[in-house]
Structures are given as structure tokens and as C-alpha cells.
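In: can't give you the sequence, but here's the structure:
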């Protein structure tokens, strides 16, 4: 095993990767940051870049140990990224341009450092995709069925607790208060944020591809359960303290508490599945 003193130093060419990327994509990245700031559904995007940087830093030993051999085949990815970027400009569509940023980064890394080092950084590059918002066309197609399902589940829990109610679509009518499950409360925001966390945590647990699939699949019921718990808490606050209290800071506080519990559940599930997989082997 090589000692730290004999590990090869990173090629200076890797630092040149950032200059053309930032020059070509500055307004794409600026639009991303603007959407993260303005749209609470994608606020987690601010954390993706530092998290990806940490994932890359964890691989520093593998990176330095891997040979650096510039490879012209990486130009294929750069050309594909350029075509996607141009198509996004012509169609005035940001999603393709944002995807092309990750593809261009991978292509430049392949071209400058070779496929061995690209392989080392494959997962951090894939993780960057979590910072890209899905197109609103697909977002709203997903939110409506989730709104209906969340309201149905919340109504079931409230009914089991003995609270009289009538559900009409995504609206739950209680005594003196109507709880509308709007798109922001559909659960999709929780699914995307908790899914990003699960992807990050997956780098710290030893799971086979099959168990990893189970782990990612668990994100959806965990996120839905957290969302339903928030709706039930909101209804409970309205019943105990009145409708105004349900719309006050207590609503935001309950949502924060439930979300933090959801984050803990996602992180814990990874370790539990790792233990189960180890015991079964």
C-alpha cells in the first residue's frame, strides 16, 4: 500500500476544469440558485453542492492513487453536453441546460484526467443531479395524486382518532375548520429532500444493489408518513387552539419537527438495513 508521501499529486489540469464551466454556465447556475431561494420545494439544492464536495473529498485517496491519463473520448460527453445546452437555449428550457452542466463536468473530467479518475468521482457527479429541479410540467402532474392520497390518509388517521370530518377531494372539513391539502403539502417536497438525504447516506452504508433499492424505496412511505403526521398535527392544533393557531407559527414549528424526525428515520433506516443485510449473510 502506498504511503501518503508517495501518492501522486493531482494534475494541475483539474483546476482548469472550473474556469470554462463557470464561464459557460454562470447564468444557468445563477438561475438555479435563484430558484432554490424562491421555491421552498427546492431549498435543499443549496446543500447539494457542499454535500457533493464532501463525497468527492472522501474519495481523495482513491483519486490520488488512480492514474491520470487524459482521454479524448471525454470529448464525446462534452459534445453531447454542448448539444443539450444549445437545445435548451433554442427551446428556452432550463432543465436541459442544467443537466448539460453535470454532463459537461463529467466530460471535462474524463478528457483531462482519464476514465479511471472519472470512475472514482462517478457518484459525486451523479449526486449533483439532486440539485436540479424537475420541470414544473411533471411537478404538478405528481403533486395532485399525492395531494389526494395525503388527504385520504390524514382523514383516515383523524377519523380513527374520533374526530368527525368530511373529506371532499383534497379538502378535509372538520368542526369549525377546513384543512386543504395544497400542492406544497402533497408530500413531494419531503420525498425530494429525503431522497437527496438517502442518496447521501447510501455512501456511508454497505448495502448490495438489491438492499440499496429497498432503502431508496422506503423514502416514499417515510416521506408520506411525515407529511400525514404534519396534516394530523395541524388538524389537532385547530381542534384544540382554534383555526388561527393552526395557521400560526405552530404550523411551521410542527412541520419542522416532523421533518427532522423524517430525516432521522431515513438516516436510521440505512443503518438498520445494513445490519439486517449483514445478519442475513
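Out: Nice, thanks for sending it over. Computed from a prediction, not measured in an experiment: that's the story for all the values here.

In: what separation is there between residue 119 and residue 67?
Out: Between residue 119 and residue 67 the distance is 11 Å, computed by CB to CB, to the nearest Å. Where C-beta positions appear, they are placed from N, C-alpha and C, glycine not excepted.

In: typo on my end, it should be residue 274
Out: Computed as CB to CB, the residue 274 to residue 67 distance reads 32 Å.

In: and the two? Which one has more around it.
Out: Legend: neighbour count by other CB atoms under 10 Å for residue 274 and residue 67, higher for residue 274 (16 against 10).

In: which residue ranges of the chain form strands?
Out: 165-168, 171-174, 177-180 (DSSP state E).

In: tell me which of the ones you listed lies nearest to residue 90.
Out: Relative to residue 90, the nearest member of these by CB to CB is strand 177-180, separated by 39.7 Å.

In: ok, residue 118 - how many residues close by?
Out: Per other CB under 10 Å, the neighbour tally for residue 118 reads 21.

In: now find how far off-centre stretch 30-47 is within its chain.
Out: Stretch 30-47 has its C-alpha centroid displaced from the chain centroid by 12 Å (CA atoms, centre = their mean, to the nearest Å).

In: what mean pLDDT does that stretch have?
Out: Stretch 30-47 comes out with an average pLDDT of 90.

In: what comes up buried for it?
Out: By 16 or more other CB atoms under 10 Å, the buried positions in stretch 30-47 come out as 32, 35, 36, 41, 42, 44, 45, 47.

In: and the residues you listed as TSV, adding distance to residue 71?
Out: Formatted as TSV, the buried residues of stretch 30-47 follow (distance: CB to CB, whole Å):
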residue	distance to residue 71
32	29
35	34
36	34
41	38
42	34
44	34
45	31
47	32
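
In: name the nearest of the residues you listed relative to residue 131.
Out: Using CB to CB, these come closest to residue 131 at residue 45, 4.4 Å.

In: which residues does residue 29 contact?
Out: By CB atoms under 8 Å, 6 or more residues apart in numbering, the contact list for residue 29 reads 22, 101.

In: before we move on, what about residue 222?
Out: Residue 222 is in contact with 194, 262, 265, 266, 269, counting by CB under 8 Å, 6+ apart.

In: apply 7 Å and report the result again.
Out: 194, 262, 265, 266 (CB atoms under 7 Å, 6 or more residues apart in numbering).

In: look up how far residue 259 lies from it.
Out: Counting by CB to CB, the gap from residue 222 to residue 259 is 11 Å.

In: out of the strands of the chain, nearest to residue 23?
Out: Closest to residue 23 of the strands of the chain is strand 177-180 (CB to CB; 46.1 Å).

In: which residues touch stretch 34-51?
Out: Contacts with stretch 34-51, where a contact means CB under 7 Å, 6+ apart, come from 32, 127, 128, 130, 131, 133, 189, 192, 193, 196, 200.

In: min pLDDT across these, which one?
Out: Within those, pLDDT reaches its minimum at residue 189, with 85.

In: nearest residue to it in space, please, no chain neighbours.
Out: Nearest non-adjacent residue to residue 189, counting by CB to CB, 6 or more residues apart in numbering: residue 41, 4.7 Å away.

In: one more: residue 95?
Out: Excluding the flanking residues, the one nearest residue 95 by CB to CB, 6+ apart is residue 135, at 5.0 Å.

In: go on, residue 132?
Out: Using CB to CB, 6+ apart, the closest residue to residue 132 is residue 98 (4.7 Å).

In: residue 97 and residue 85 touch, don't they?
Out: Yes: applying CB atoms under 7 Å, one finds residue 97 in contact with residue 85, separated by 5.4 Å.

In: for those two, indicate the residue with more neighbours.
Out: Neighbours were counted for residue 97 and for residue 85 using other CB under 10 Å; residue 97 has more, 24 against 21.

In: for the more buried one, list the residues it contacts.
Out: Going by CB under 7 Å, 6+ apart, residue 97 touches 28, 85, 88, 89.

In: okay, now residue 202: neighbour count?
Out: 18.

In: same deal with the one 10 residues further on?
Out: Around residue 212 sit 18 other residues, with neighbours defined as other CB under 10 Å.
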